[in-house]
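J.: What follows is a predicted structure for the sequence shown.
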Amino acid sequence: MNCGDYDYIWQAPDWPDWHFDLALLAKPLADVSHAQGLLIGRLADVGMALRDQASLAALTEDVIKTSEIEGETLNVASVRSCIARRLGVDIGALAPVDRHIEGVVDMVLDATANSQAAVTGERLFGWHAALFPTGYSGLSKINVGAWRDDSSGPMQVVSGPVNRQRVHFEAPPAKRLEMEMRRFLDWINGDNNTVQEPPLIKAGLGHLWFVTLHPFDDGNGRMARAIGDLLLARADGTPQRFYSLSAQIQRERKAYYDILERTQKQSMDVTPWLSWFLTTLHQAIDQAHLTLNAVLAKARFWQRWAMTPLNDRQRKLLNRLLDGFDGKLTSSKWAAIAKCSPDTALRDINELLALGVLKKNGAGGRSTSYELETDLQ
């Protein structure tokens, strides 16, 4: 037994009466609020178009990273295209999008853009159905748009090989879910943002509470982060997102799982979890300044080259570089991405070299790669 005579937090006699030391959390709360103010101040000065671009970048990262945490890799261009289409942001040519990407985007956008709407069981079922449009998780058929029924045994979070699995956590039995989720939804929709439970604290509690209940067969982590994003959007008072907590959690993935496991096996005093949550949120907001820097640099770049005749292939690849190209850009990658011949790719690149837009890296030949001139970024 880890805490008295129970293994998991949901078995505690005072569950779910959350306890936390607001005095210990006062400084991280103040630090996060200050960081939010600095970011909003910068965004107020850049104009609506650039704010839309910053929001697009943050939401794209959020969708990509919330899936990466679960070991799933989504196509960045497709995610960005899907979000841009939903937001009405012009990014030029759009990449093809599959049903799965649309589902994750739908959930994230509904959580943030419609944060003030009530969170109901039917709404959560809709999110779940959007995450699993085929009714399968990998090769396994799952209950979609319904609470889990534990027909295959208790819901456990495990790791390791099949014959030596380690159980990190076991969720409440399915027979308790109707009551547990009703209590959770009453809390999330209630007007309980008081001095004792500030909105940012509520966001941290909502994330923890949902992932502890683990009410679905799969997708619980992504949905818990969406619940947290919804509550953060309520706390911010704006449907636009300019930072990604999921991206920061991905960067701190091991620490995230460690603090989550410790919290779920201890008492109802969740001060350490909330302290970690607020620190991670602060780091996410700090990271948003770097995203905004990139958006502003891209705007300055295109202002500088607005009158220079460039073909569609060149514009597409330059935008890929400005958005953060994964790896090194070679002539062969140019040809593959632009869907052109190697000769055409090299001609495009040489034109940009002559203009001073690109510069060479490497020793020449096949090892040559290209990047933007430093003073243009």
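T.: Structure's in. What do you need?
J.: element containing Phe242?
T.: Taking DSSP states H and E as the definition, one finds Phe242 inside no helix or strand.
J.: wait, I meant Lys254
T.: Assigned by DSSP H and E, Lys254 falls in helix 253-264.
J.: I would like the residues contacting that helix, please.
T.: 8-9, 69, 168-169, 208, 211-212, 249, 270, 272-273, 276, 280 (Cβ atoms under 8 Å, 6 or more residues apart in numbering). For the C-beta atoms, the positions are set from N, CA and C on the backbone; glycine is no exception.
J.: rerun that using 7 Å as the cut-off
T.: Outside helix 253-264, the residues that touch it by Cβ atoms under 7 Å, 6 or more residues apart in numbering are 8-9, 69, 168-169, 208, 211-212, 249, 270, 272-273, 276.
J.: Ok, stretch 281-288 next?
T.: Asp31, Val32, Ala35, Gln36, Leu39, Ala58, Phe242, Tyr243, Ser244, Leu245, Ala247, Gln248.
J.: Including distance to Asp110, neighbour count and pLDDT, could the residues you listed go into CSV?
T.: Converted to CSV, those look like this (distance: Cβ to Cβ, whole Å; neighbours: other Cβ atoms under 10 Å; pLDDT from 0 to 100):
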residue, distance to Asp110, neighbour count, pLDDT
Asp31, 30, 15, 96
Val32, 25, 21, 96
Ala35, 26, 19, 94
Gln36, 23, 20, 91
Leu39, 23, 20, 92
Ala58, 16, 24, 93
Phe242, 18, 23, 93
Tyr243, 18, 27, 94
Ser244, 16, 27, 95
Leu245, 17, 24, 95
Ala247, 19, 24, 95
Gln248, 22, 23, 96
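J.: Tell me how far the helix or strand where Met179 lies lies from the chain's centre.
T.: Met179 belongs to helix 177-189 when assigned by DSSP H and E. With Cα atoms, centre = their mean, to the nearest Å as the basis, helix 177-189 stands 24 Å off its chain's centre.
J.: May I see the buried residues of it?
T.: Neighbour-count burial for helix 177-189, counted by 16 or more other Cβ atoms under 10 Å, picks out Leu177, Glu180, Met181, Phe184, Leu185, Trp187, Ile188.
J.: export these to TSV and tack on pLDDT and distance to Arg234?
T.: Below are those laid out as TSV (pLDDT from 0 to 100; distance: Cβ to Cβ, whole Å):
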residue	pLDDT	distance to Arg234
Leu177	97	25
Glu180	98	22
Met181	98	19
Phe184	98	16
Leu185	97	15
Trp187	96	13
Ile188	96	10
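J.: For Trp15, state which of the residues you listed is nearest.
T.: Distance to Trp15 across the buried residues of helix 177-189 (Cβ to Cβ) is lowest for Glu180, with 9.3 Å.
J.: Verify the contact between the closest one and Thr212 for me.
T.: No - using Cβ atoms under 7 Å, Glu180 makes no contact with Thr212, being 9.3 Å away.
J.: how far does the longest helix seen in the chain sit from the chain's center?
T.: Among the elements of the chain assigned as helix by DSSP state H, the one spanning the most residues is helix 271-304. Counting by Cα atoms, centre = their mean, helix 271-304 is centred 13 Å from the centre of its parent chain.
J.: What of stretch 245-257?
T.: Computed by Cα atoms, centre = their mean, the chain-centroid distance of stretch 245-257 equals 10 Å.
J.: Pull out the buried positions in it.
T.: By neighbour count on 16+ other Cβ under 10 Å, the buried set for stretch 245-257 is Leu245, Ser246, Ala247, Gln248, Ile249, Gln250, Glu252, Tyr256, Tyr257.
J.: what sits against Arg320?
T.: Here Arg320 is in contact with Ile337 (Cβ under 7 Å, 6+ apart).
J.: I'd like to know the average pLDDT value across the helix or strand where it lies.
T.: Take DSSP H and E as the rule and Arg320 turns out to sit in helix 312-322. Helix 312-322 shows a mean pLDDT of 91.
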